[in-house]
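Engineer: Structural data only, the sequence is not supplied:
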């Protein structure tokens, strides 16, 4: 009998390890829960946005952003009541701003290997980018590398707002250097 117990325990544990999970997933009322992936259409579009930006091509902005897109970043330093006010200009203003970066820097690159789309349980869709931006200043001749985090907020197939987090020190220095020459 003792000789049968150990093999039976072994067989039982093997069966338990190969059996499919039958426990039902718990539903959550947490609106901040959801799923994420990097293999979706929106993540692929954001990669296209970044590749177009590196090539000083604003066609992706005109094709995929809402006319009234709101861009939130610290460059404007516009705060009211503890909230950031978006940069004015909508899609056209944002496209002009992105092209202007190429007036101050050459060889602009941004890594595109860490892009994820989040689909929240309440239906919101955001795509996040964790990246390194590099370029060479046209006026300071300095090689620059800056960590960047971007968050794209979608409504349907259009970006309605974008949040940009990075240290603007080198950009501000390059703009200042351009005014001296």
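Structural biologist: The structure has been received and is ready for your questions. Computed from a predicted structure; not experimentally measured. Residues are numbered from 1 along each chain as shown.
Engineer: next helix or strand past the least confident helix or strand in the chain by mean pLDDT?
Structural biologist: None of the helices or strands of the chain scores lower by mean pLDDT, DSSP states H and E than helix 2-18, at a mean of 53. Sequence-wise, the next helix or strand downstream of helix 2-18 (DSSP states H and E) is strand 34-37.
Engineer: mean confidence for that following strand?
Structural biologist: Mean pLDDT, computed over strand 34-37, is 83.
Engineer: So which bits of it are buried?
Structural biologist: residue 34 (16 or more other Cβ atoms under 10 Å). From N, CA and C alone the C-beta is placed, and that goes for glycine too.
Engineer: Just checking the distance from it to the centre of its chain.
Structural biologist: 14 Å (Cα atoms, centre = their mean, to the nearest Å).
Engineer: do the same with stretch 112-126
Structural biologist: Put simply, stretch 112-126 sits 9 Å off its chain's centre (Cα atoms, centre = their mean).
Engineer: So which residues make contact with that stretch?
Structural biologist: 28, 30-38, 40, 42-43, 46-47, 50-51, 127-131, 151-154 (Cβ atoms under 8 Å, 6 or more residues apart in numbering).
Engineer: Using ChimeraX, make a named selection holding only the buried ones among these.
Structural biologist: Listed next is the ChimeraX selection for buried residues among these, using 16+ other Cβ under 10 Å:
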select :34,40,42,43,46,47,50,127,128,129,131,152,153,154
